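Dropping the sequence and predicted coords here.
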There are 2 protein chains.
Amino acid sequence: MKKDKIPAATIIRLSVYQRYLKKLMNSGVKVVSSNQLATEASVNPAQLRKDLSYFGRFGVRGVGYDVASLSSTISAILGLADEWRVVLVGTGPIGQALLRHPQFARQGYRFEAVFDIDPSNVGMKFENGLTVQGMDKLPEVVQENSIQLAVLAVPSDKAQDVADCLVKSGIRGILNFSPTRIKVPRGVSVQYVDFTILLDSLTYNISRNRGQTIDTESEPAKPRWGREHSWPVVQSNIHGQEIGLSS
Amino acid sequence: MKKDKIPAATIIRLSVYQRYLKKLMNSGVKVVSSNQLATEASVNPAQLRKDLSYFGRFGVRGVGYDVASLSSTISAILGLADEWRVVLVGTGPIGQALLRHPQFARQGYRFEAVFDIDPSNVGMKFENGLTVQGMDKLPEVVQENSIQLAVLAVPSDKAQDVADCLVKSGIRGILNFSPTRIKVPRGVSVQYVDFTILLDSLTYNISRNRGQTIDTESEPAKPRWGREHSWPVVQSNIHGQEIGLSS
C-alpha cells in the first residue's frame, strides 16, 4: 500500500502542529491560517498542506483551519490519548531527570512504574510517589496495566536484555536513551535519543561551513523545509506500514 | 551542487559505523566485511555501501574495509576531533544529568563551561570541577575559547533568547533539549531532542498496529533500511550545503 507510507518527518511535524493548535485553543483562537500555523512550526505552508493531505482534506481555502477540529483530528491520527502510561527502566541521572521532567505530563505521558536492573536501587522513592521496582516485577506490571510504552535508560551493555524483557512483557514502543542500537521484533518501534550521535551531526555541519561568516544581526533566516530541511524521524521495525523517508 | 547533498540519515549512520569501527580497533581487528559492519549498525550492506559512496571509494571487494583507515576517514568527514568543547546552558535536572553523562567524554565532547539563566544557580559547583556562571560571562567564554557547540537545556520560554545569545557569541551548532522550536541564522545548525514528540511517533505506530500480534519468540526481525527504515536526521539552517532527506 504505497498510499499508506507516511513520511516519518510528517509524523514528527504533526506533533509540532498539534502543540501549537493546543496553545491557540487555550487562547480561545478558533481559526488559524495555514501561513500562521506553518510559520509557528517553522515549515513552509506548502509542506504543511502536504503533511495534512496524507490524511484527507482540511481547512477552507482563504479561511483557514478550524483549530479545535484540526487538533482533534491530529490527535486521533497520532493516537494521542488523554493519557499514555509509560514505564521507565533505569534510574541513573538521565532516568531521574526524565521522571522529573514536566513535559511528559504536560503532553499526556505518565510514568506508571519505574524499574532498575540494579537491585540496590530497588525501593528508592521519588517525589511523585513512585518506588523503584526490580526487573522481576516488570512483566506483571506491564501486562496488568496494558502498558505499551517504555523509556529505556540503562547502560549500553544492558540495553538489549532489558529491551527483550520489555517486548516480551507487551511493550510496543521504546524510547531508547541507552547509547546503543537494539534489535526488536517486527511490530515494535524504537526511537533513539543518542546525544553524541546528534552532536556528530552538528560537528559535520560546522566542519563543512568553516570560514563562513554568520549574519547574526539580520532577521533569522526563514528555515527552508522539505527535502533540504528535515526533522528527526522514527526508526520502526513495523512491516507493511512503515514510516519511511519518502520524498 | 547536487552531489554535495548528503542525506542527514547518512551522516547519522556514519556515526554509528564509526562507533563500531572504534570497538573493532580496540579489539585489534584490522579488517571488517561490509556485511559485518552493516549488521552491527543494523543497516543492510547495500545501504552501508551507498552511505560510503558519497565520500569516495572504500574497501576491497571480497576483502572488506581496513578498520583503521575507514575509521579515520569517517572521523575526518564528520569533523570529529580528539575533543570538541561544548558549553551547557541550563542546570536543571536534564542539564545536570547531561553534565554527568559519561558518553560525552567517551565520544570526544567535553563540557568546557556551564551557564544558567537563573542567578541563584550561579556559583553552584559540580564534581567535574565546573562552576555555574551567569549568562553575562557567556560571550567572553565562548569567544576566548573558540567554542562552537552548545547544549541548550532551559525552559521553553527562555530558549530563543538564549539561542540568540549563543549564536551572537559564536556558537554554530546547538543541541536543543528545550521542548520548543528555535530560529537561528543560516549557517547555524540545531538538533532537537524533544522527548514527547518522539513518544508521539511511537504512539502513532502503536495505534496503527493495534491488534497485530508480535512474535517475541522468534529471532528479531532483521531491520529493513533504506526508504522504509530511517534514522534521526539533523535539522540545519545551512544554505548551499544542506543536509537533506534525499532518496
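That came through, no problem.

how about the helices in chain A?
A:8-26, A:34-40, A:45-53, A:67-78, A:93-99, A:102-106, A:138-144, A:156-169, A:195-208 (DSSP state H).

between the ones you listed, which gets nearest to B:Val167?
Nearest of the helices of chain A to B:Val167, taken as C-beta to C-beta: helix A:195-208 at 12.6 Å. (Glycine included, C-beta is placed from N, CA and C.)

That closest one vs chain B: in contact?
Yes - using C-beta under 8 Å from any C-beta of the partner chain, a contact is recorded between helix A:195-208 and chain B, made by A:195-208.

number of nearby residues for A:Ser34?
As a burial measure, A:Ser34 scores 18 neighbours (other C-beta atoms under 10 Å in any protein chain shown).

Could you report the separation of it from A:Arg61?
Using C-beta to C-beta, to the nearest Å, we find A:Ser34 at a distance of 9 Å from A:Arg61.

What of A:Ala150?
43 Å.

Grab the longest strand from chain A for me.
Criterion DSSP state E: the longest strand present in chain A is strand A:109-116.

Identify the residues contacting the closest residue to A:Phe115 other than its chain neighbours.
Nearest in space to A:Phe115, with sequence neighbours left out and distances taken as C-beta to C-beta, 6 or more residues apart in numbering or on different chains, is A:Val89 at 4.7 Å. Under the criterion of C-beta atoms under 8 Å, 6 or more residues apart in numbering or on different chains, the neighbours of A:Val89 are A:95, A:114-117, A:135, A:138, A:150-154, A:162, A:166.

switch the cut-off to 6 Å
The contact partners of A:Val89, taken as C-beta atoms under 6 Å, 6 or more residues apart in numbering or on different chains, are A:Phe115, A:Leu152, A:Val154, A:Val162.

Contacts only, for the first one.
Taking C-beta under 6 Å, 6+ apart as the contact definition, A:Phe115 lies against A:Val89, A:Gln133, A:Met135, A:Leu138.

Which single one of those residues is nearest to B:Gly187?
Proximity of these to B:Gly187 (C-beta to C-beta) peaks at A:Val89, which lies at 39.9 Å.

which residues does the closest one bridge with?
With DSSP bridges as the criterion, A:Val89 is bridged to A:Phe115, A:Leu152.

Show me chain A divided up by domain.
As given by automatic domain parsing, the domain ranges for chain A are A:2-78, A:84-193.

Highest mean neighbour count out of those domains?
domain A:84-193 (a mean of 19; mean count of other C-beta atoms under 10 Å in any protein chain shown).

Can you give me the end-to-end span of it?
20 Å (C-alpha to C-alpha, to the nearest Å).

Same check on stretch A:79-95?
The first and last residues of stretch A:79-95 sit 25 Å apart, counting by C-alpha to C-alpha.

so for it, what's the average pLDDT?
On average, the pLDDT along stretch A:79-95 is 93.

swap in stretch A:32-44?
Averaging pLDDT along stretch A:32-44 yields 88.

before we move on, what about stretch A:136-150?
97.

touching chain B at all, it?
Yes - for stretch A:136-150 and chain B, the contact criterion (C-beta under 6 Å from any C-beta of the partner chain) is met by A:Gln148.

then that stretch to PDB, C-alphas only?
Extracted C-alpha coordinates of stretch A:136-150, given in PDB (Å, rounded to 0.1, in the frame of the first residue of the first chain):
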ATOM      1  CA  ASP A 136      11.200  -9.400  38.200                       C
ATOM      2  CA  LYS A 137       8.100  -7.200  38.700                       C
ATOM      3  CA  LEU A 138       8.200  -5.700  35.200                       C
ATOM      4  CA  PRO A 139       6.200  -8.300  33.200                       C
ATOM      5  CA  GLU A 140       3.400  -8.300  35.700                       C
ATOM      6  CA  VAL A 141       3.100  -4.500  35.900                       C
ATOM      7  CA  VAL A 142       3.200  -4.100  32.200                       C
ATOM      8  CA  GLN A 143       0.700  -6.800  31.500                       C
ATOM      9  CA  GLU A 144      -1.800  -5.900  34.300                       C
ATOM     10  CA  ASN A 145      -1.800  -2.300  33.200                       C
ATOM     11  CA  SER A 146      -1.700  -3.000  29.500                       C
ATOM     12  CA  ILE A 147       1.300  -0.600  29.200                       C
ATOM     13  CA  GLN A 148       2.700  -0.300  25.700                       C
ATOM     14  CA  LEU A 149       5.400   2.500  26.000                       C
ATOM     15  CA  ALA A 150       8.700   2.300  27.800                       C
END
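
what sits up against it?
Here stretch A:136-150 makes contact (C-beta under 6 Å, 6+ apart) with A:84-87, A:112-113, A:115, A:166, A:169-174, B:206.

wait, isn't A:Tyr65 in contact with A:Gly59?
Yes - when contacts are counted by C-beta atoms under 6 Å, A:Tyr65 is listed as touching A:Gly59 (4.3 Å).

Just the pLDDT for A:Pro223.
Looking at A:Pro223, its pLDDT reads 45.

scratch that, A:Arg57 is what I was asking about
On the pLDDT scale, A:Arg57 gets 79.

what's the answer for the one 10 residues further on, then?
A:Val67 carries a pLDDT score of 94 in this model.

in chain A, which segments are predicted with low confidence?
A:1-4, A:217-247 (pLDDT under 70).

can you give me the end-to-end distance of stretch A:120-138?
Span of stretch A:120-138 from end to end, C-alpha to C-alpha: 16 Å.

Quick check: the residue nearest to A:Phe115 vs A:Cys165, distance?
8 Å.

go on, A:His101?
A:His101 sits 24 Å away from A:Cys165, taking C-beta to C-beta as the criterion.

Nearest the geometric middle of chain A, what residue?
The centre of chain A sits closest to A:Ile12, judged by C-alpha atoms, centre = their mean, with a distance of 7.0 Å.

Surely A:Tyr20 and A:Ala38 touch.
No - between A:Tyr20 and A:Ala38 there is no contact under C-beta under 6 Å: 9.9 Å.

For the contacts of A:Val89, which two are the farthest from each other?
Maximum pairwise distance in the contacts of A:Val89, criterion C-beta to C-beta, is 10.2 Å, between A:Phe115 and A:Leu152.

Thank you, goodbye.
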